[in-house]
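Peer 1: Below is the sequence, then the predicted model.
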Amino acid sequence: MDVELAAGRGGGDAGPVEFGKVPERLLKRDQARREDAARRTEARQSQPVTEEQGESFVAAFNAERAAIDELLSSCSGSERAEATQTLEEATARIQQLQKLLNDSMVFLTQYRLKQAQDSLRKLQSTLAEKRDEVSPKKKFAFRARSKAKEMATEPALDTAPPSETAAGVEPGSVKVDGAVHPQQCGFSDMGGVVLTKTAEEIRKQDVLLTHLTNCKVRLFGSPSTLHIKHVTGCEILCGPVSSSVFVDHCSDSTLAFPCQQLRTHNTTDTRVYLHVTSRAIIEDCHGVCFAPFTWSYPTLEEDFGVSGLDQGRNNWTQVDDFNWLAAGTPSPNWSIIPVDDRKTSWDPEA
(Lines give C-alpha, C1' and ligand atoms only; values in the text may rest on other atoms or scores of the structure.)
Protein backbone atom coordinates (compact mmCIF):
# COMPACT_ATOMS: atom_id res chain seq x y z
CA MET A 1 0.00 0.00 0.00
CA ASP A 2 2.85 2.35 0.81
CA VAL A 3 4.38 1.66 -2.55
CA GLU A 4 1.14 2.36 -4.37
CA LEU A 5 0.66 5.61 -2.48
CA ALA A 6 4.18 6.70 -3.33
CA ALA A 7 3.60 5.85 -6.96
CA GLY A 8 0.39 7.85 -6.98
CA ARG A 9 2.15 10.89 -5.55
CA GLY A 10 4.91 10.63 -8.12
CA GLY A 11 2.34 10.57 -10.92
CA GLY A 12 2.08 8.43 -14.03
CA ASP A 13 4.00 5.21 -14.47
CA ALA A 14 7.25 6.41 -12.90
CA GLY A 15 7.18 3.39 -10.70
CA PRO A 16 7.92 3.10 -6.98
CA VAL A 17 10.38 5.54 -5.41
CA GLU A 18 13.40 4.04 -3.65
CA PHE A 19 13.28 6.09 -0.47
CA GLY A 20 16.87 5.29 0.69
CA LYS A 21 18.70 6.85 -2.28
CA VAL A 22 17.17 10.35 -2.33
CA PRO A 23 17.93 11.23 1.31
CA GLU A 24 21.46 9.81 0.88
CA ARG A 25 22.19 12.08 -2.10
CA LEU A 26 20.73 15.05 -0.27
CA LEU A 27 22.78 14.23 2.79
CA LYS A 28 26.02 14.07 0.79
CA ARG A 29 25.20 17.34 -1.00
CA ASP A 30 24.42 19.03 2.31
CA GLN A 31 27.63 17.68 3.82
CA ALA A 32 29.63 19.05 0.88
CA ARG A 33 27.97 22.45 1.30
CA ARG A 34 28.81 22.45 5.00
CA GLU A 35 32.45 21.53 4.35
CA ASP A 36 32.77 24.24 1.71
CA ALA A 37 31.25 26.83 4.05
CA ALA A 38 33.66 25.75 6.81
CA ARG A 39 36.64 26.13 4.46
CA ARG A 40 35.52 29.64 3.47
CA THR A 41 35.05 30.59 7.10
CA GLU A 42 38.48 29.25 8.02
CA ALA A 43 40.06 31.17 5.12
CA ARG A 44 38.37 34.40 6.25
CA GLN A 45 39.49 33.85 9.81
CA SER A 46 43.08 33.02 8.85
CA GLN A 47 43.52 36.02 6.54
CA PRO A 48 43.92 38.59 9.33
CA VAL A 49 46.32 36.24 11.13
CA THR A 50 48.45 35.84 7.98
CA GLU A 51 48.47 39.58 7.39
CA GLU A 52 49.48 40.16 11.01
CA GLN A 53 52.29 37.61 10.66
CA GLY A 54 53.46 39.34 7.48
CA GLU A 55 53.53 42.76 9.14
CA SER A 56 55.42 41.38 12.15
CA PHE A 57 57.96 39.78 9.81
CA VAL A 58 58.48 43.02 7.86
CA ALA A 59 59.07 44.98 11.06
CA ALA A 60 61.53 42.46 12.48
CA PHE A 61 63.30 41.95 9.15
CA ASN A 62 63.73 45.66 8.42
CA ALA A 63 65.00 46.40 11.91
CA GLU A 64 67.64 43.67 11.69
CA ARG A 65 68.59 44.63 8.13
CA ALA A 66 69.16 48.23 9.22
CA ALA A 67 71.27 47.05 12.15
CA ILE A 68 73.43 44.89 9.86
CA ASP A 69 73.80 47.78 7.41
CA GLU A 70 75.07 49.97 10.23
CA LEU A 71 77.41 47.21 11.37
CA LEU A 72 78.91 46.86 7.89
CA SER A 73 79.30 50.63 7.55
CA SER A 74 81.30 50.72 10.77
CA CYS A 75 84.02 48.58 9.14
CA SER A 76 85.26 51.48 7.03
CA GLY A 77 88.29 53.07 8.64
CA SER A 78 88.54 50.45 11.40
CA GLU A 79 91.66 48.50 12.26
CA ARG A 80 91.96 45.22 10.41
CA ALA A 81 91.46 43.01 13.49
CA GLU A 82 88.41 45.00 14.61
CA ALA A 83 86.94 45.04 11.10
CA THR A 84 87.44 41.27 10.77
CA GLN A 85 85.56 40.66 14.02
CA THR A 86 82.77 42.97 12.90
CA LEU A 87 82.46 41.10 9.60
CA GLU A 88 82.20 37.77 11.44
CA GLU A 89 79.33 39.18 13.51
CA ALA A 90 77.64 40.56 10.37
CA THR A 91 77.99 37.17 8.63
CA ALA A 92 76.31 35.37 11.54
CA ARG A 93 73.48 37.90 11.66
CA ILE A 94 72.89 37.67 7.90
CA GLN A 95 72.65 33.89 8.24
CA GLN A 96 70.03 34.29 10.96
CA LEU A 97 68.15 36.80 8.81
CA GLN A 98 68.15 34.29 5.94
CA LYS A 99 66.80 31.63 8.31
CA LEU A 100 64.04 34.01 9.43
CA LEU A 101 63.06 34.51 5.79
CA ASN A 102 63.11 30.78 5.02
CA ASP A 103 60.88 30.04 8.02
CA SER A 104 58.43 32.81 7.05
CA MET A 105 57.96 31.95 3.36
CA VAL A 106 54.75 30.03 4.03
CA PHE A 107 52.78 33.17 4.92
CA LEU A 108 54.59 35.92 3.00
CA THR A 109 53.09 37.47 -0.12
CA GLN A 110 55.17 37.30 -3.31
CA TYR A 111 55.81 41.04 -3.09
CA ARG A 112 57.15 40.86 0.47
CA LEU A 113 59.17 37.76 -0.32
CA LYS A 114 60.86 39.42 -3.30
CA GLN A 115 61.61 42.57 -1.28
CA ALA A 116 63.25 40.52 1.46
CA GLN A 117 65.28 38.44 -1.01
CA ASP A 118 66.51 41.61 -2.74
CA SER A 119 67.52 43.11 0.61
CA LEU A 120 69.44 39.97 1.53
CA ARG A 121 71.27 39.99 -1.79
CA LYS A 122 72.32 43.59 -1.20
CA LEU A 123 73.56 42.74 2.29
CA GLN A 124 75.57 39.79 0.92
CA SER A 125 77.05 41.99 -1.79
CA THR A 126 78.04 44.66 0.73
CA LEU A 127 79.51 42.01 3.00
CA ALA A 128 81.62 40.64 0.13
CA GLU A 129 82.87 44.14 -0.72
CA LYS A 130 83.85 44.82 2.89
CA ARG A 131 85.69 41.50 3.07
CA ASP A 132 87.69 42.44 -0.01
CA GLU A 133 88.52 45.81 1.56
CA VAL A 134 89.70 44.27 4.81
CA SER A 135 91.52 41.28 3.34
CA PRO A 136 91.88 41.38 -0.47
CA LYS A 137 92.21 37.96 -2.07
CA LYS A 138 95.21 37.33 -4.30
CA LYS A 139 94.42 35.59 -7.57
CA PHE A 140 96.56 32.81 -8.95
CA ALA A 141 99.03 34.08 -11.52
CA PHE A 142 98.08 31.54 -14.20
CA ARG A 143 94.42 32.62 -14.02
CA ALA A 144 95.40 36.26 -14.33
CA ARG A 145 97.52 35.50 -17.38
CA SER A 146 94.72 33.46 -18.89
CA LYS A 147 92.26 36.29 -18.41
CA ALA A 148 94.67 38.84 -19.89
CA LYS A 149 95.20 36.66 -22.93
CA GLU A 150 91.45 36.22 -23.43
CA MET A 151 90.89 39.97 -23.23
CA ALA A 152 93.63 40.63 -25.77
CA THR A 153 92.58 38.02 -28.33
CA GLU A 154 88.79 37.62 -28.02
CA PRO A 155 85.91 40.07 -28.63
CA ALA A 156 83.91 41.36 -25.68
CA LEU A 157 81.21 38.99 -24.38
CA ASP A 158 78.44 41.52 -24.93
CA THR A 159 79.32 41.88 -28.64
CA ALA A 160 79.99 38.24 -29.57
CA PRO A 161 77.31 35.54 -29.72
CA PRO A 162 77.69 32.92 -26.95
CA SER A 163 78.16 30.18 -29.52
CA GLU A 164 81.21 31.98 -30.94
CA THR A 165 82.74 32.38 -27.48
CA ALA A 166 82.39 28.66 -26.81
CA ALA A 167 83.83 27.65 -30.18
CA GLY A 168 87.09 25.75 -30.20
CA VAL A 169 86.70 24.19 -26.74
CA GLU A 170 87.81 20.59 -26.63
CA PRO A 171 84.96 18.43 -25.24
CA GLY A 172 85.50 17.19 -21.69
CA SER A 173 88.98 18.65 -21.29
CA VAL A 174 88.81 22.32 -20.29
CA LYS A 175 87.21 24.34 -17.51
CA VAL A 176 85.42 27.33 -18.93
CA ASP A 177 84.35 30.53 -17.17
CA GLY A 178 81.26 30.74 -19.36
CA ALA A 179 79.73 32.59 -22.27
CA VAL A 180 77.02 34.67 -20.64
CA HIS A 181 76.42 38.35 -20.24
CA PRO A 182 78.91 39.88 -17.77
CA GLN A 183 76.11 40.90 -15.40
CA GLN A 184 74.71 37.38 -15.21
CA CYS A 185 76.27 34.61 -13.16
CA GLY A 186 76.21 31.27 -14.92
CA PHE A 187 76.84 29.49 -18.23
CA SER A 188 75.03 29.49 -21.57
CA ASP A 189 75.21 27.83 -25.00
CA MET A 190 77.92 25.24 -24.42
CA GLY A 191 78.47 21.58 -25.12
CA GLY A 192 80.82 18.84 -23.94
CA VAL A 193 82.78 20.93 -21.42
CA VAL A 194 83.44 21.08 -17.68
CA LEU A 195 82.11 24.27 -16.08
CA THR A 196 82.95 25.53 -12.59
CA LYS A 197 81.99 28.49 -10.41
CA THR A 198 83.68 29.15 -7.06
CA ALA A 199 81.97 30.46 -3.94
CA GLU A 200 83.72 33.81 -4.47
CA GLU A 201 82.29 34.07 -7.99
CA ILE A 202 78.75 33.16 -6.93
CA ARG A 203 78.48 35.27 -3.75
CA LYS A 204 74.75 34.74 -3.17
CA GLN A 205 73.88 35.76 -6.74
CA ASP A 206 71.15 34.27 -8.91
CA VAL A 207 72.73 31.61 -11.14
CA LEU A 208 71.44 30.78 -14.64
CA LEU A 209 72.40 27.65 -16.59
CA THR A 210 70.83 27.56 -20.05
CA HIS A 211 71.21 25.73 -23.36
CA LEU A 212 73.87 23.27 -22.17
CA THR A 213 74.47 19.85 -23.74
CA ASN A 214 76.62 17.02 -22.32
CA CYS A 215 78.29 19.34 -19.80
CA LYS A 216 79.50 18.74 -16.25
CA VAL A 217 78.78 21.70 -13.99
CA ARG A 218 80.10 22.28 -10.46
CA LEU A 219 78.75 25.27 -8.51
CA PHE A 220 80.51 25.75 -5.17
CA GLY A 221 79.11 28.17 -2.61
CA SER A 222 75.55 29.30 -1.95
CA PRO A 223 73.52 30.88 -4.78
CA SER A 224 70.41 32.90 -3.96
CA THR A 225 68.39 31.10 -6.65
CA LEU A 226 69.31 28.60 -9.38
CA HIS A 227 67.67 28.49 -12.83
CA ILE A 228 68.30 25.46 -15.07
CA LYS A 229 66.76 25.78 -18.55
CA HIS A 230 67.11 23.81 -21.78
CA VAL A 231 69.80 21.34 -20.69
CA THR A 232 70.35 17.86 -22.12
CA GLY A 233 72.65 15.08 -20.96
CA CYS A 234 74.24 17.21 -18.24
CA GLU A 235 75.47 16.54 -14.71
CA ILE A 236 74.89 19.61 -12.53
CA LEU A 237 76.00 19.72 -8.89
CA CYS A 238 75.37 22.80 -6.78
CA GLY A 239 75.95 23.94 -3.21
CA PRO A 240 73.06 24.99 -0.94
CA VAL A 241 70.60 27.37 -2.65
CA SER A 242 69.10 29.73 -0.09
CA SER A 243 65.69 30.02 -1.81
CA SER A 244 64.35 28.26 -4.92
CA VAL A 245 65.62 26.10 -7.78
CA PHE A 246 63.71 26.36 -11.08
CA VAL A 247 64.16 23.59 -13.67
CA ASP A 248 62.58 23.85 -17.13
CA HIS A 249 63.05 21.75 -20.29
CA CYS A 250 65.67 19.43 -18.83
CA SER A 251 66.21 15.92 -20.22
CA ASP A 252 68.44 12.91 -19.59
CA SER A 253 70.40 14.71 -16.87
CA THR A 254 71.55 14.31 -13.27
CA LEU A 255 71.03 17.17 -10.83
CA ALA A 256 72.10 17.51 -7.19
CA PHE A 257 71.48 20.44 -4.86
CA PRO A 258 70.03 21.49 -1.48
CA CYS A 259 67.36 24.24 -1.62
CA GLN A 260 64.36 25.73 0.12
CA GLN A 261 61.97 24.91 -2.73
CA LEU A 262 62.13 23.06 -6.07
CA ARG A 263 59.87 23.75 -9.08
CA THR A 264 60.35 21.54 -12.13
CA HIS A 265 58.59 21.92 -15.50
CA ASN A 266 58.75 20.12 -18.87
CA THR A 267 61.43 17.71 -17.69
CA THR A 268 61.99 14.07 -18.69
CA ASP A 269 64.29 11.19 -17.71
CA THR A 270 66.18 13.18 -15.10
CA ARG A 271 67.61 12.10 -11.73
CA VAL A 272 67.50 14.61 -8.87
CA TYR A 273 69.60 14.17 -5.72
CA LEU A 274 67.72 16.54 -3.46
CA HIS A 275 67.77 18.21 -0.07
CA VAL A 276 64.66 20.40 0.18
CA THR A 277 63.22 22.01 3.29
CA SER A 278 59.70 22.62 1.96
CA ARG A 279 58.26 20.50 -0.90
CA ALA A 280 59.21 19.71 -4.47
CA ILE A 281 56.79 20.57 -7.28
CA ILE A 282 56.71 19.03 -10.77
CA GLU A 283 54.48 19.91 -13.72
CA ASP A 284 54.40 18.51 -17.26
CA CYS A 285 57.17 16.08 -16.32
CA HIS A 286 57.77 12.38 -16.94
CA GLY A 287 60.45 9.97 -15.75
CA VAL A 288 61.81 12.20 -12.98
CA CYS A 289 63.49 10.23 -10.17
CA PHE A 290 64.49 11.45 -6.71
CA ALA A 291 67.08 10.47 -4.10
CA PRO A 292 68.59 12.27 -1.11
CA PHE A 293 71.41 14.76 -1.77
CA THR A 294 74.82 13.03 -1.51
CA TRP A 295 77.36 15.39 -3.11
CA SER A 296 80.04 16.70 -0.76
CA TYR A 297 82.98 19.12 -0.98
CA PRO A 298 85.28 20.73 1.62
CA THR A 299 83.25 23.91 2.32
CA LEU A 300 79.76 22.37 2.15
CA GLU A 301 79.06 22.86 5.87
CA GLU A 302 80.09 26.50 5.67
CA ASP A 303 77.88 27.04 2.62
CA PHE A 304 74.91 25.47 4.42
CA GLY A 305 75.43 28.06 7.14
CA VAL A 306 75.48 30.89 4.60
CA SER A 307 72.29 29.60 2.95
CA GLY A 308 70.31 29.39 6.17
CA LEU A 309 68.87 26.00 5.18
CA ASP A 310 68.03 23.47 7.89
CA GLN A 311 70.31 20.46 7.39
CA GLY A 312 68.13 18.38 9.69
CA ARG A 313 65.02 18.73 7.52
CA ASN A 314 64.93 17.06 4.12
CA ASN A 315 61.56 16.46 2.42
CA TRP A 316 62.99 14.89 -0.72
CA THR A 317 60.21 12.27 -0.90
CA GLN A 318 57.40 14.87 -0.70
CA VAL A 319 56.71 15.70 -4.35
CA ASP A 320 53.56 17.43 -5.60
CA ASP A 321 52.63 16.68 -9.22
CA PHE A 322 50.35 19.41 -10.55
CA ASN A 323 49.29 17.11 -13.41
CA TRP A 324 48.17 14.28 -11.13
CA LEU A 325 45.15 14.99 -8.96
CA ALA A 326 44.05 11.43 -8.17
CA ALA A 327 44.01 11.35 -4.38
CA GLY A 328 45.51 8.24 -2.83
CA THR A 329 47.11 7.08 -6.09
CA PRO A 330 50.85 7.77 -6.65
CA SER A 331 51.76 9.88 -9.66
CA PRO A 332 53.27 7.86 -12.54
CA ASN A 333 55.44 10.85 -13.52
CA TRP A 334 58.02 10.55 -10.73
CA SER A 335 59.60 7.84 -8.63
CA ILE A 336 62.27 7.18 -6.02
CA ILE A 337 65.67 5.91 -7.16
CA PRO A 338 66.29 2.44 -5.64
CA VAL A 339 69.00 2.47 -2.98
CA ASP A 340 71.29 0.19 -4.97
CA ASP A 341 71.07 2.48 -8.01
CA ARG A 342 71.87 5.73 -6.21
CA LYS A 343 75.11 7.56 -6.81
CA THR A 344 76.99 8.06 -3.54
CA SER A 345 80.42 9.23 -4.70
CA TRP A 346 81.11 12.11 -7.05
CA ASP A 347 84.38 13.15 -8.59
CA PRO A 348 85.30 16.51 -7.00
CA GLU A 349 85.33 18.71 -10.10
CA ALA A 350 84.92 16.58 -13.18
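Peer 2: Now that the structure is in, tell me what you want to look at. Numbering: from 1, shown residues only.

Peer 1: Please enumerate the helices of the stretch 251-350 of the chain.
Peer 2: Listed in chain order, the helices of the stretch 251-350 of the chain (DSSP state H, counting those that start in this stretch) span residues 300-307.

Peer 1: ok, which stretches of it are strands?
Peer 2: For the stretch 251-350 of the chain, the strands identified by DSSP state E, counting those that start in this stretch occupy 254-259, 261-265, 268-276, 280-283, 286-292, 319-321, 334-336, in order along the chain.

Peer 1: thinking S78 is in contact with T84, fair?
Peer 2: No - S78 lies out of contact with T84 (CB atoms under 8 Å); the separation is 9.1 Å. For glycine as for every other residue, the C-beta is placed from the backbone atoms N, C-alpha and C.

Peer 1: Flag the shaky bits of the stretch 51-200 of the chain, pLDDT-wise.
Peer 2: Flagging of the stretch 51-200 of the chain using pLDDT under 70 yields the residue ranges 135-184.

Peer 1: could you redo the last one with a cut-off of 90?
Peer 2: Residues of the stretch 51-200 of the chain that meet the criterion pLDDT under 90 lie in 51-60, 63-65, 68-185, 200.

Peer 1: Which strand residues bridge the residue nearest the centre of the chain?
Peer 2: Most central residue of the chain, judged by C-alpha distance to the mean C-alpha position with CA atoms, centre = their mean, is S244 at 2.0 Å. Listed by DSSP bridges, the beta-bridge partners for S244 are Q261.

Peer 1: Surely it touches P258?
Peer 2: No - S244 is not in contact with P258 according to CB under 8 Å; the separation is 11.9 Å.

Peer 1: which residues does the residue nearest to Y273 when sequence neighbours are not counted bridge with?
Peer 2: Distances taken as CB to CB, 6 or more residues apart in numbering place A256 nearest to Y273, at 3.8 Å, with adjacent residues excluded. Partner residues in beta bridges with A256, using DSSP bridges, are L237, Y273.

Peer 1: list the contacts for A256?
Peer 2: Listed by CB atoms under 8 Å, 6 or more residues apart in numbering, the contact set of A256 reads 236-238, 272-274, 293-295, 346.

Peer 1: Tell me the one among those nearest to A280.
Peer 2: L274 (6.5 Å; CB to CB).

Peer 1: can you pull the pLDDT of that closest one?
Peer 2: Each residue has a pLDDT score; the one for L274 is 97.

Peer 1: Compute the number of surrounding residues for it.
Peer 2: Counted by other CB atoms under 10 Å, the residues lying close to L274 total 22.

Peer 1: Distance of the residue lying closest to it once chain neighbours are set aside relative to D252?
Peer 2: Using CB to CB, 6+ apart and skipping the chain neighbours, the partner closest in space to L274 is W316 (4.3 Å). W316 sits 21 Å away from D252 when distances are taken as CB to CB, to the nearest Å.
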